[in-house]
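1. this one's sequence-less:
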């Protein structure tokens, strides 16, 4: 397996349990620039800063807080969050299946791939194949970090794709923007259908290149030729004592080596 | 109520021009947390810190660079970057129409509702035509200095625009290097029967964000000063490959 | 047009600009580069296998601008294998994997003269297969000083029951590899260990060695760059060409050979040209094979 996981656990349906890992399915294509310090071209890193003590705060001194009043917070730890829905943070339990054609695409939020981990390959392939044959998706609830998601698990090209869904209450109503009632002439509709028919094609997302990315790459090539590159200073790794017995063993060995020379 | 109008444009293909207004279609609801400094409970701020000098750097001293080798960059002016931005246009240009079932949901990103602007007749006719033919339009448009690719869909009485990811932004299944595995027809049949037995109509409204409620309860408990019990999740035992058929048959028995 | 279609293992590849001279002062065309990599293919491929490839491309030759390419070009043929690896900033990038000759040829067609790989394989990016001591000489120190340091390192490591292997960087320095090939090893281990070794060596040979990266400490000394033992860093792959005036190769040296060359006075004798590389591998095989296979454990951690 060549991908690193975001989460690992089990996906289950009825009495079948499949060990899996959740991995990214999407990689943002936008050209990413780093923000640099104008002075020395050193890259800037986004960090958390305490405005009171005026210091950079490392990860182990940070805690989540929920605001219950002006500058008044309730703190909550990761363990407390995980223990809200302990099973759902370890298992994606598919409780029902639905026909793919019935899902309104507006519900889809973010996709991930599920890949089988050791021992789960056969059951994984079975689930992929039967969902493909029946054109169905499995629905489940799943907790990742501090959020609980409603997810659809479907098969695509031989893999399981997990797509988080929006909750119904998050889909806004649209009655207020509906068009007024009006009678449409039959020939108007057939005129439009004729236009559409002329433009029917197979779905091929690969053909739409990201025009802006191409322009940016061209700009970068030109700039590199014209102005060359800037270089940031090397950041030395923190000095620190090595493990005591390693140092001792090395010193001892060093003595022996020197004696031989 | 749909969100406010965020953009105005017109759908164009052939000799059709349909003026529309864009609204957000989804509003996420989640409990917001802030990050605090553990020892004094102060709310933390995000700052850009210089990796070399280890001090915060104000906006005026920041520049943009495209990273190459470990420490080399191509410096870029914000004005030059702006020149690569797409030309302003109000047109949602439809390039082709595809069958709805061909658009794999893995490409779908953000959804918008389209409200008919005046005149609305073309809009209403288009809603009908798309549904009758079971197709969606693949289109491109520019909004807020960014170029978008999207699918123009018709649902109920309205049109919707869902942005699509570019093909190279979606990681290919091939890169996952999944193994092929042979399955017996029996396993596939029992598996399919099981899924069909567990199939229900799609009723998303029956799913509530229970986690939110649990989280709220937890926060209320903490506010009252009550002790919180920490529970450890159990891991399910994976089904062994040679026990798969057995598990499938037992499951089918349970639900049939 | 200078273009031709070749077929390797049933896969078709279009090659262009074959007559373009990418080493203008020496005279070494793209066709010759492809030929070199084709002939060294058998020996370099095991060292490239399943490693997230960073290409250093010189489309206009070694005198002109080059660029590092980590993201596998999206216009690749369907048969090019890739791996998605999580980056330090939480993002993800798709890298090419040169797992077969046809991919190696495709990559070389992109004028990727230099092939850089991480110490870990793409499937387990936090597990280094070996620990490396990157020896970099600070002017006026040179490769002969690196050779002295390499021999001291070798002897020190033997005391700790660790066998090591050395190769030229193809430029100014030497790279010493300690194969580990154990699932349990982490970059945390190798970094800690190599840093301790570097510091001890600096202490005992202060005029020859430094473990500090800052330029002011490196003048006239050999810098042991222990911080290369990191999941985010890459090393030039053994048998890769270097983009210098002459097509030199990062080539493995037997310890006996290094001992005898270190005693002489000619730093150039340690450099291996592409033609020499090809004849040597035919005769002696892959001197770096053990780096991929030998299992060793770092003690005292």
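-> That came through, no problem. Bear in mind the structure is a predicted one, so any value in this text is a computation, not a measurement.

2. OK, now which residue of the stretch 201-301 of chain C is nearest to chain B?
-> Among the residues of the stretch 201-301 of chain C, residue C:233 lies closest to chain B, at 7.8 Å counting by Cβ to the nearest Cβ. Every C-beta, even on glycine, is put in place using the N, C-alpha and C of the backbone.

3. so that residue makes contact with residue C:120?
-> No. Residue C:233 is beyond contact range of residue C:120, at 10.2 Å (criterion: Cβ atoms under 8 Å).

4. the two: which has the busier surroundings?
-> residue C:120 (23 against 17; other Cβ atoms under 10 Å in any protein chain shown).

5. circling back to that earlier point, name the nearest residue to the residue of the stretch 201-301 of chain C closest to chain B, sequence neighbours excluded.
-> Residue nearest to residue C:233 in three dimensions, not counting chain neighbours: residue C:118, with 6.9 Å by Cβ to Cβ, 6 or more residues apart in numbering or on different chains.

6. which parts of the chain are helices?
-> I went with chain A, as the question did not name one. For chain A, the helices defined by DSSP state H occupy A:78-82, A:121-134, A:186-198, A:211-227, A:244-260.

7. my question was about chain B, not that one.
-> Going by DSSP H, chain B shows helices at B:78-83, B:121-133, B:185-197, B:210-223, B:244-255.

8. averaged pLDDT, the fourth one. What do you get?
-> Going back to what we said before, that points to helix B:210-223. Mean pLDDT, helix B:210-223: 82.

9. which strands and helices lie in contact with it?
-> In terms of contacts (3 or more Cβ pairs under 8 Å, 6 or more residues apart in numbering or on different chains; DSSP states H and E), helix B:210-223 is packed against strand A:62-69, strand A:72-76, strand A:147-156.

10. in JSON lines: the ones you listed, plus mean pLDDT and mean neighbour count.
-> Converted to JSON lines, those look like this (pLDDT from 0 to 100; neighbours: other Cβ atoms under 10 Å in any protein chain shown):
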{"stretch": "strand A:62-69", "mean pLDDT": "84", "mean neighbour count": "16"}
{"stretch": "strand A:72-76", "mean pLDDT": "83", "mean neighbour count": "16"}
{"stretch": "strand A:147-156", "mean pLDDT": "92", "mean neighbour count": "22"}
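
11. looking at the helices of chain B, which is buried most?
-> Among the helices of chain B, helix B:121-133 has the highest mean neighbour count (mean count of other Cβ atoms under 10 Å in any protein chain shown), at a mean of 20.

12. if I've got this straight, the residue of the stretch 201-301 of chain C closest to chain B is in a strand?
-> No. Counting by DSSP: H, G, I helix; E, B strand; the rest coil, residue C:233 falls outside a strand, being coil.

13. name the helix or strand of the chain that has the lowest mean pLDDT.
-> Chain wasn't specified; assuming chain A. Counting by mean pLDDT, DSSP states H and E, the weakest-scoring helix or strand in chain A turns out to be helix A:78-82, with a mean of 75.

14. oops, I was thinking of chain B
-> helix B:78-83 (a mean of 73).

15. what's the closest non-adjacent residue to the residue in the stretch 51-200 of chain B that chain C sits nearest to?
-> In the stretch 51-200 of chain B, the residue that lies nearest chain C is residue B:168 (4.3 Å; Cβ to the nearest Cβ). Using Cβ to Cβ, 6+ apart and skipping residues adjacent in sequence, the residue nearest residue B:168 is residue C:74, 4.3 Å away.

16. you'd agree that neighbour is in a strand?
-> No. Counting by three-state DSSP, residue C:74 is not part of a strand but coil.

17. confidence score at the residue nearest to residue C:233?
-> pLDDT recorded at residue C:118 is 96.

18. residue ranges with poor pLDDT in chain B?
-> The model of chain B has pLDDT under 70 over residues B:69-70, B:233.

19. what stretches of the chain score poorly on pLDDT?
-> Assuming you mean chain A. In the predicted model of chain A, residues A:1-4, A:29-32, A:146, A:209-212, A:235-242 satisfy pLDDT under 70.

20. if you could check chain C rather than the one you did, that'd help
-> Across chain C, the ranges flagged by pLDDT under 70 are C:1-2, C:87-91.

21. domain map for it?
-> Here the domain parsing of chain C from automatic domain parsing is C:4-117, C:130-233+C:244-293.

22. looking at these, which is closest to residue B:32?
-> The minimum distance between residue B:32 and the domains of chain C falls on domain C:4-117, with 20.4 Å, by Cβ to Cβ.

23. which ones are touching residue C:65?
-> A:224, A:225 (Cβ atoms under 8 Å, 6 or more residues apart in numbering or on different chains).

24. what strand or helix carries it?
-> Using DSSP states H and E, residue C:65 sits in no helix or strand.

25. ditto for the one 3 residues further on
-> Taking DSSP H and E as the criterion, residue C:68 maps to strand C:67-69.

26. which residues sit against that strand?
-> By Cβ under 8 Å, 6+ apart, the list of residues contacting strand C:67-69 reads A:224, B:68, B:69, C:54, C:55, C:56, C:57, C:110, C:112, C:116.

27. just those now: which is nearest residue B:24?
-> For these, the nearest to residue B:24 is residue B:68 (37.7 Å; Cβ to Cβ).

28. what about that closest one, how many neighbours?
-> By other Cβ under 10 Å, the residues close to residue B:68 number 20.

29. next one: the one 4 residues further on
-> When neighbours are defined as other Cβ under 10 Å, residue B:72 has 18 of them.

30. now swap in residue A:198 and tell me
-> If you count neighbours by other Cβ under 10 Å, residue A:198 ends up with 11.

31. how many neighbours does the residue lying closest to it once chain neighbours are set aside have?
-> What sits nearest to residue A:198 in space, not counting adjacent residues and going by Cβ to Cβ, 6+ apart, is residue B:14, at 7.3 Å. A count of nearby residues for residue B:14, using other Cβ under 10 Å, gives 13.

32. next: residue C:167.
-> Neighbour number of residue C:167 under other Cβ under 10 Å is 23.

33. right, and the helix or strand after the strand or helix carrying it?
-> In the assignment (DSSP H and E), residue C:167 maps to strand C:165-168. Following strand C:165-168 in sequence order, the next helix or strand is strand C:174-179 (DSSP H and E).
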